[in-house]
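# starting from these lines, generate the structure:
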Amino acid sequence: MEKYHIENNLFAFHVTKREYMDSIVKNGLLPLNGDRSKSVGEEGNGYNRIYFFTNGNHMQEWITDLYPDENIYDIELLMFNLKGRVVYCENGYNWYLIKGIKPEKIQFLRLHDLNTGEYVPLNTQDRAMIEWKPLSEYKPFTRKRS
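Next up, the predicted model:
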């Protein structure tokens, strides 16, 4: 395990299920044994971590790897700044925090279709405009009924 203190702005991303958003809006991101921990075999071993990635272009890979069977409408992407935080890396690619992130430090992603202006799900980022919103404005993404 390597430990780093982040001195400059460095934005991190965290993928989560929509069902956890009420808790995240209220409590922020907490270091728990969530789906990511379970996917790398850490369930019940005492590790409590918040996993993240720093390259937003890898969003679709993370969604596919972590939630292959989930409906894309049930997945949210969060962003927060790592500046001033201590981060850890294990095996050269598992980046995580062991301290929580307050709700006011977190933003969530919404995508607007470039043609219609309507919100679109996360798997359509190639033809959408990105909008980061404060967590205080969070409302679940809903599929437009036709």
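
# pairing partners for whichever strand or helix holds E76, with directions?
In the assignment (DSSP states H and E), E76 maps to strand 75-81. Partner strands and pairing direction for strand 75-81 (DSSP bridges) are strand 11-17 (antiparallel), strand 106-113 (antiparallel).

# contacts for the shortest one?
Contacts made with strand 11-17 from outside it, assessed by Cβ atoms under 8 Å, 6 or more residues apart in numbering, are listed as 24, 29, 34-35, 50-54, 56, 59, 62-63, 66-67, 70, 74-82, 95. Placement of C-beta: from N, CA and C, glycine included.

# same check on the longest one?
Under the criterion Cβ under 8 Å, 6+ apart, residues 21, 24, 28-29, 76-80, 118-122, 124-125, 127-135, 138, 141 lie in contact with strand 106-113.

# in helices, which of those appear?
M21, I24 (DSSP state H).

# got any ranges where this structure has weak pLDDT?
33-47, 124-126, 143-146 (pLDDT under 70).

# neighbours of the closest residue to M129 other than its chain neighbours, how many?
With sequence-adjacent residues excluded and distances taken as Cβ to Cβ, 6 or more residues apart in numbering, M129 is closest to H112, at 4.5 Å. Residues lying near H112 (other Cβ atoms under 10 Å) number 14.

# for H112, name its beta-bridge partners.
Y119, M129.
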